[in-house]
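Engineer: here's my sequence, what's the structure:
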Amino acid sequence: MTDTHYIERKDLTATEIIDAVDAGSRIVIEIEFLGKPIRMAIRKRNETYYCDTPVKLLTYDTEAEMRTCLERYRLAKPEGESSREDELELSGRSDSHNPK
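Structural biologist: Prediction:
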């Protein structure tokens with residue numbers, strides 16, 4: 001039986017998500033889209049990675065393609081230190097408020 005882990009957007013890095021699905025787990029990421037909560041399931045079957053969305057099933061043949069998907073849709077937390085965008089999100093500020 002597959003373990004299913006429910007997380008929110010940017011709770012885990014792309015590496016952590018990929019490691020979990022490589023180990024046989026399914027990761028369900030809850031995000032807000034157009035003001036409504038939706039779930040995206042990340043899983044792997046045989047050698048193919050899947051990203052199930054409410055409107056489309058995305059498939060990827062390689063780990064690199066899956067990583068690109070996680071980063072493109074901003075589902076994963078940035079690797080390493082927090083990004084500048086995350087720092088601004090947390091402080092409630094945008095770049096337009098920062099003096100240069």
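Engineer: OK, contacts around the residue nearest to the spatial centre of the chain?
Structural biologist: The centre of the chain sits closest to Leu75, judged by C-alpha atoms, centre = their mean, with a distance of 2.2 Å. Neighbouring residues of Leu75 by C-beta atoms under 8 Å, 6 or more residues apart in numbering: Arg9, Lys10, Ile17, Ile29, Ile31, Met40, Ile42, Cys69. All C-beta atoms are positioned from the backbone trio N, CA, C, and that covers glycine.
Engineer: next, Ala64: phi, psi?
Structural biologist: Backbone geometry at Ala64, expressed as degrees, to the nearest 10, gives phi -60, psi -40.
Engineer: rewinding a little: A helix includes the residue nearest to the centre of the chain, no?
Structural biologist: No - per DSSP: H, G, I helix; E, B strand; the rest coil, Leu75 lies outside any helix segment and is coil.
Engineer: ok, it to Asn46 distance?
Structural biologist: Distance of Leu75 to Asn46, computed by C-beta to C-beta, to the nearest Å: 22 Å.
Engineer: in the protein, which strand is the longest?
Structural biologist: Longest strand of the chain, by residue count under DSSP state E: strand 36-45.
Engineer: which strands or helices does it pack on?
Structural biologist: helix 14-22, strand 26-33, strand 48-52 (3 or more C-beta pairs under 8 Å, 6 or more residues apart in numbering; DSSP states H and E).
Engineer: can I get those in a markdown table with mean neighbour count, distance to Thr4 and mean pLDDT?
Structural biologist: Formatted as a markdown table, these follow (neighbours: other C-beta atoms under 10 Å; distance: least, C-beta to C-beta, whole Å; pLDDT from 0 to 100):
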| stretch | mean neighbour count | distance to Thr4 | mean pLDDT |
| --- | --- | --- | --- |
| helix 14-22 | 17 | 10 | 96 |
| strand 26-33 | 16 | 5 | 93 |
| strand 48-52 | 17 | 12 | 95 |
